[in-house]
Every structure is written in structure tokens, then in C-alpha cells.
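# This is a predicted model, with the sequence first.
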Amino acid sequence: MTAQAMREQLETNLAAIVRHNDLYFNQHKPEITDGEYDELVRNTSALLQSFSADDDLAIEAWELLESVGAEPAYGDTITHPSQMGSLAKTTTNDGVREWRMSKVGRKNKVMVMPKIDGLAVRIVYNGGKLTQAATRGNGTVGQDVTANVWAIESIPNEIAYAGELELRGEIHMRKSVFKELLESGIKKANPRNAASGSLMQKDPEVTRQRRLSFLCYGAVADEEELDTLEKQRDFVETTFKRISWVKMSELIDIDSIIENWTQVRSTLDYDIDGIVFSANSMDVHEELGWNGKRPNAAIAYKFPAERKQSSVTGIHWQAGRTGKITPVADIVPTHIDGSTVSNITLHNYDNIVNNLHLQIGDVVLFEKAGDIIPQVVRVVDRHGRDENGVYINKINFPKQCPACGADTELSDNEIHVLCPNANCSAKLAAAIEHYLESLDIKGIGPGIINLLLSEGIIRDIPDLYVMSYERLMGLPGWGDKSAKAVTVAILEKNELPLAAFIRALGIHGVGSTMAKEIAKKFKTLEAIREATCTSFKSIPGVGETLSENLFNWFDERGPMLEELLKYVDVEDIVEVTGSLSGKSFCLTGSMPSGRKRKDIEADIEAAGGEVKKSVGKGLNFLVQADPTSESSKSKKAKSLGTEIISEEQLMEMMG
């Protein structure tokens, strides 16, 4: 592979990682399994070995790989006073043993807790009242969910403690509650996604109705000696009866602990995807420090995915928003890990032909990878051939799109089956759904969108703005309140920032982060529409494929865009000049003033400065509260010769 090809591949991988982080952490709609995501990260790490350490793209890549979660995509944010990290992971007993011997040692007590499959949050009480709650976010900045946590009945709003108390734990949805949610007609893939969507609701009353739960695994309190996990647990359980500490025990034997939790997990009323092993002493945690955003004094053992066998009875094809037509295997319904699986995505045509060599009638081994998405591991019995080895029911890719009937084509690398029809009904339905979701417009799901299209009420995105209230009233199950709420919600989204509008258009490969980069580069929608593939490729993270996606989208969907702009005003990015013009800044840590980071960043931009989320060669200033900090950003800034300043110095520069 040439140097240019490697660079383009790295850019493509980085864009994919950012997109899948956004899908998992912000949109709660993962499109790939945990195993596939881990493989993408491994491939990217291997690719990075060919780049020099001071290469800007390599620096950006390493920072992304070392990051935790994803940047909050919407709503107010809160900067954590100390890092909320992720855990190093292993899938073997020996991996836990190696961690214990090389990191913690035999002399230090180790505690064991189940790894709850929920959302990591930080909850703060002050003067006995719940004053702040935030998600983990990217480990440094999380989303402010205080109002919604107030609404969760299992978390007390007031406690009998006058000082400041910080709790860390997992908000989750119990399996029994999730079952009731499904029976009520609300469809979610799993309890974790249901908990995420419920916590992020705009209306706290909806969060309250979803009956979420909280399990605590860490506590810091004023004037309390909580220097071990055991002391933290005893303090929480004894002092606050309504706050539950996650089940915890001392590690005696690694093998028996893992075997016991493997057997017990199916009997619990909440999902766990592993076991956490952690040094009991906070002094040991302090002494061992961090590896990037992962504490050395703890490790997570991940359960191997449960596997079952079943026969493939057929293949059906699904058309999506990007034009890719995905094969799905129909199998004999099989119960696995708490649910019955009757179909499994096969991802693409190449996976059938060149990887699995799959045929109808074959018996496959499959697993729920990441305990969420069913995935075929391999074919175990090839019953789809006759005695001479000839295929009985050979799988061929569909010649016509299953949604619109247009002639299909294979991609140049013969991996994907594509529908070339820009007006494909499946593309339109998915594009409309994406537009509504991106702008946080509630009340219209996939079923309603398909009904609106089939009834001729809408034909494309612009028609959302001229939908008749009376026609909506005539839809099955719709009344005055729901019809009015939807039409008002859509009409309110008629003035949109450039980046938000670009993201909502649903261009393949363009998530919230890439939309911001595009907006920052071109400043106006008109400039974006006139851009060439070459100018798109000048944007960090945009390679050959994404540049073509962007160019082709604006070429093919131009008429739709013209119509949409009759109802929507897109706000251009106005160049601001001021005392910070031409200078870039990255903020890290909590500032002495106590101001929210987003407010300080807004002031920087108002003064003409540029805000960056990471430290790289192009950064002018790193703003941090503690000049002696040895954080990863601080170390990188020092190695690159980037000037480190205080918040006070920043204010002086701003005048």
C-alpha cells in the first residue's frame, strides 16, 4: 500500500470510528457489533505504526483511539472535576491474572463487582440536595441530565448529609421494566438502549415513566475517610437507604469468581456484560495512575458471547438510506441470551460469497455479539449442497431493488449491492427519519413515515413543512393533540445552524463531528454546494470515498435541496474578528471561575478565536486550571511546544 493510500485508509477509519461512537453513545443506535468496532480500532492501531509520531493525522488518530465515549452531541454539558475513564478489557481468565500480577500484586486486596450494562453517570449532592448529574460523555465533558435524574424515583432528590457528596454509578433499565416497555408498544433493541433513550428525553416526565434504576460503585464525600471501596460501600449503604451499591465481594479465586458470575448473570433483573476487578485501596489507584483514560488499578472481564446453532431457511434483502442493499438471513427461530432470534444481518454480499460461503439450508453458528446484535460466526454444516457438492439454492444478489424495483448494481469492489435510484422509496423513508431524528423532532417514527409516503401526504423532506394538519388528523390513532404537536415541532425547525443542517441531510459518512468540520471549512451552504471533490478532500478526515459521497449527494439531491430551502433558513458561519483572531485554544479541566466550559468556548469564538477539542501541532494555546497538571493533554502540549496558559491569562488576552 502506498503512503497516500495508507493516509486515505486512516482518514476513512477515523471517520468510521467517530461515526460509530456517535451512533452508540449519542444516538443509541449501534450499527455494528462490539467485536466489529474493536476490530476497526485494532486495524487503525496497526495502520498507525507506519506513521511518524509528529504527523498531524497520526496525533489526531492516537487521541481518538485513547478517548472515552463520545463528545456530547446536544444539550448542555458539564465538565467533570476529575476524569471519568473507561476500563481496560480482557476476555480470558489469564488476562485477569496477568493484570493482577503486573499491576496490583498479590498483597493488595482486590474487589469484584458485576459490570452493569448501562450509562455511567456522576451525581452530586450539596447541602442534602441533588444539584447536578452528568453522563460520562468523553470522560472529560458529559451531558447535563440533572433535570431528568431528578425525575427518576429510585434516586433520592434529598439525602440526610449536609456536606458535598459525589456518587458514580450506572443508570440502567431492569429487564422486567424493559419487558413491560416492549409490551406497551415502544420498540428498543435492548435494555441499555432503552435506558439511554429514556435518560436523554427532553421531557423529564417521560424519563420518570420509564422507571430507571441506579447502582452506585464509587463515592467521595466531605469530611469522610472513604479511602477504600469497602468504606465507600458501607458509608452509602448505611447512610442513604435508598441508594443501592452494586453487589461487591473480595477476590479469592479468579476462576471460581468468573464461573460463578457466568452462571448467575441470567438470573439477575439487570443486564451485565462482564465483571470488574478493582484494587480496594484508593491509595493504590493513585499510585498506579492511568494509561490514557484507563485506570491501571482496575480491569473488566468481558463475558464471551453465547453461541447457538440454527438452519438458514431463506435470505431477504433490505434497502437503506445510503443505497446499500443488505442481506438478512432468515433462520429457524432460536432462543439465545434472553430473546428469540429469527433473522440475522449478513452485512454485505461479499460476506455471503467470499467469507461465509453461505447457502440456504446450511446450519450456522451464531452469537449475540456484545450481547446485542446477532452475528453469524461460521457455517457448521453445509446442507445447502447436494451429494455432488452443487448448490441446491444458490444465493444470488437481487437484480432489482426490493423497495423501488430499480436495477441494482455491485459496487466496484463487489462488496455491496447498490440501488442507484436517487428517489428510491427506502432511501427517502430513511432520509426523512434521519432528518427528523437529527433535529430532535419527536412523534413520527418509521411506521408513520411509511404511512405518510404511501398515502401521498409527503414525497420527500420538504413536504414535512407543508403537511396538512387535517390530513394528519385522519391517520389511524392520531388525534388533535398529536397532530398539532408534530406540525408545530416541525415548523419550529425552520432556522438551522449550518452544521446542524448538513448533518440532518443524511449524507453517508457525515455525522455531527464531520458536519461541523465541513461547515467550518466552507462557512456557507452555497460554498458547500459549489465545492469539488478536491476541495472536499482538503477537510481533515475526508478521503476519496467521502469526498465523492458529498459531491454526488449535492449533485443528485439538488432539486430536493432547492425545495427545502423555501421553508428553512440556514445560518451561515460569520467570520468573527477580535482580540483572539487567528489563535486556537483547547480547554482542559475545571476552571477556577467555576464557569461552564461551553460558555468560555463561546467567549473565545465571539472574540474571533478557534476552539479545538484536542492537542495537535496546529494548536496555539492549552488552557488548564492547574499549571502542574500531568494530564495526557498537558504532556502532549509540552512535547509539541504548545504554550500552556491559565484561565486568568486567557481572560487578559480577551481584554
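Great, that's in hand. Remember, it's a predicted structure, so these values are computed and weren't measured experimentally.

# all contacts plus neighbour counts: C-alpha atoms, from now on.
OK.

# Can you tell me the closest non-neighbouring residue to residue 246?
Closest residue in space to residue 246, ignoring its immediate chain neighbours: residue 215 at 5.3 Å, by Cα to Cα, 6 or more residues apart in numbering.

# Residue 48 now?
residue 58 is the one closest to residue 48 (Cα to Cα, 6+ apart), at 6.5 Å.

# and the one you found, what does it touch?
Listed by Cα atoms under 8 Å, 6 or more residues apart in numbering, the contact set of residue 58 reads 48, 51, 52.

# Contacts only, for the first one.
Right, residue 48. 10, 58, 61.

# which residue ranges form the helices in the stretch 501-650 of the chain?
Secondary structure of the stretch 501-650 of the chain (DSSP state H, counting those that start in this stretch): helices at 512-522, 525-529, 533-537, 544-556, 558-564, 597-606, 632-640, 647-654.

# now the longest helix along the chain, how far from the chain's geometric center?
For the chain, the longest helix by residue count, based on DSSP state H, is helix 3-21. Its chain's C-alpha centre and that of helix 3-21 lie 17 Å apart, by Cα atoms, centre = their mean, to the nearest Å.

# right, and the helix or strand after it?
Toward the C-terminus, helix 3-21 is succeeded by helix 34-48 as the next helix or strand (DSSP states H and E).

# Go through the helix or strand where residue 58 lies and flag the buried ones.
If you go by DSSP H and E, residue 58 is part of helix 56-66. Within helix 56-66, the residues that count as buried by 16 or more other Cα atoms under 10 Å are 57, 58, 59, 60, 61, 63, 64, 65.

# And residue 255, what's its pLDDT?
Predicted confidence (pLDDT) for residue 255: 95.

# So, low pLDDT: which residues of the stretch 51-200 of the chain?
The stretch 51-200 of the chain contains residues with pLDDT under 70 at 53-54, 56, 66-75, 189.

# same deal with the stretch 451-600 of the chain?
477, 576, 590.

# which ones are touching residue 261?
114, 275.

# Could you do residue 651 as well?
Counted by Cα under 8 Å, 6+ apart, residue 651 has zero contacts.

# Now do the longest helix of the chain and helix 544-556, the angle between them.
70 degrees (axes from the mean of the first three to the mean of the last three Cα atoms, to 10 degrees).

# Name the residues of helix 3-21 that are buried.
7-21.

# hmm, who's touching stretch 322-329?
Contacts of stretch 322-329 (Cα under 8 Å, 6+ apart): 312-320, 343-349, 401, 416-421, 427, 507-508.

# Pop the domain breakdown of this structure in here.
3-66, 77-302, 307-418, 425-571, 584-654 (automatic domain parsing).

# Distance to residue 578 for the ones you listed - can I get that in JSON lines?
As requested, the domains of the chain are exported to JSON lines (distance: least, Cα to Cα, whole Å):
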{"stretch": "domain 3-66", "distance to residue 578": "27"}
{"stretch": "domain 77-302", "distance to residue 578": "26"}
{"stretch": "domain 307-418", "distance to residue 578": "42"}
{"stretch": "domain 425-571", "distance to residue 578": "18"}
{"stretch": "domain 584-654", "distance to residue 578": "5"}
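
# closest one to residue 577 among these?
domain 584-654 (4.6 Å; Cα to Cα).

# Pick the one among the buried residues of helix 56-66 closest to residue 606.
residue 60 (25.6 Å).

# Quick check: which helices or strands does the helix or strand containing residue 208 pack against?
For residue 208, the host element (DSSP H and E) is helix 204-209. On a contact count with 3 or more Cα pairs under 8 Å, 6 or more residues apart in numbering; DSSP states H and E, helix 204-209 meets helix 146-150, helix 191-199.

# Most tightly packed of the ones you listed?
Compared across those, helix 191-199 shows the largest average neighbour count, a mean of 23 (mean count of other Cα atoms under 10 Å).

# Could you list the alpha-carbon positions for that helix in CSV?
Output of helix 191-199 as CSV, limited to C-alpha atoms (Å, rounded to 0.1, in the frame of the first residue of the first chain):
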residue,chain,number,x,y,z
PRO,A,191,-32.4,-2.5,28.0
ARG,A,192,-29.2,-0.4,27.6
ASN,A,193,-30.6,1.4,24.5
ALA,A,194,-33.9,1.9,26.3
ALA,A,195,-32.2,3.3,29.3
SER,A,196,-30.1,5.7,27.2
GLY,A,197,-33.1,6.9,25.2
SER,A,198,-35.1,7.4,28.4
LEU,A,199,-32.5,9.4,30.2
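
# Show me the contact partners of that helix.
With Cα under 8 Å, 6+ apart, helix 191-199 has contacts from 28-29, 117-119, 145, 148-149, 171-175, 178, 188, 206-207, 210, 212, 271.

# Include distance to residue 260 when you put the helices and strands packed on helix 204-209 into a markdown table, please.
Output for these, formatted as a markdown table (distance: least, Cα to Cα, whole Å):
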| stretch | distance to residue 260 |
| --- | --- |
| helix 146-150 | 33 |
| helix 191-199 | 23 |
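
# Mind checking those for the one nearest to residue 619?
helix 146-150 (33.1 Å).

# Name every strand pairing with the helix or strand just after the closest one and say which way it goes.
Later in the chain than helix 146-150, the nearest helix or strand by DSSP H and E is strand 164-172. Paired neighbours of strand 164-172 in the sheet (DSSP bridges): strand 119-126 (antiparallel), strand 213-221 (antiparallel).

# now those as JSON lines including mean neighbour count and distance to residue 640?
Output for the strands paired with strand 164-172, formatted as JSON lines (neighbours: other Cα atoms under 10 Å; distance: least, Cα to Cα, whole Å):
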{"stretch": "strand 119-126", "mean neighbour count": "21", "distance to residue 640": "33"}
{"stretch": "strand 213-221", "mean neighbour count": "21", "distance to residue 640": "35"}
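
# Thank you, goodbye.
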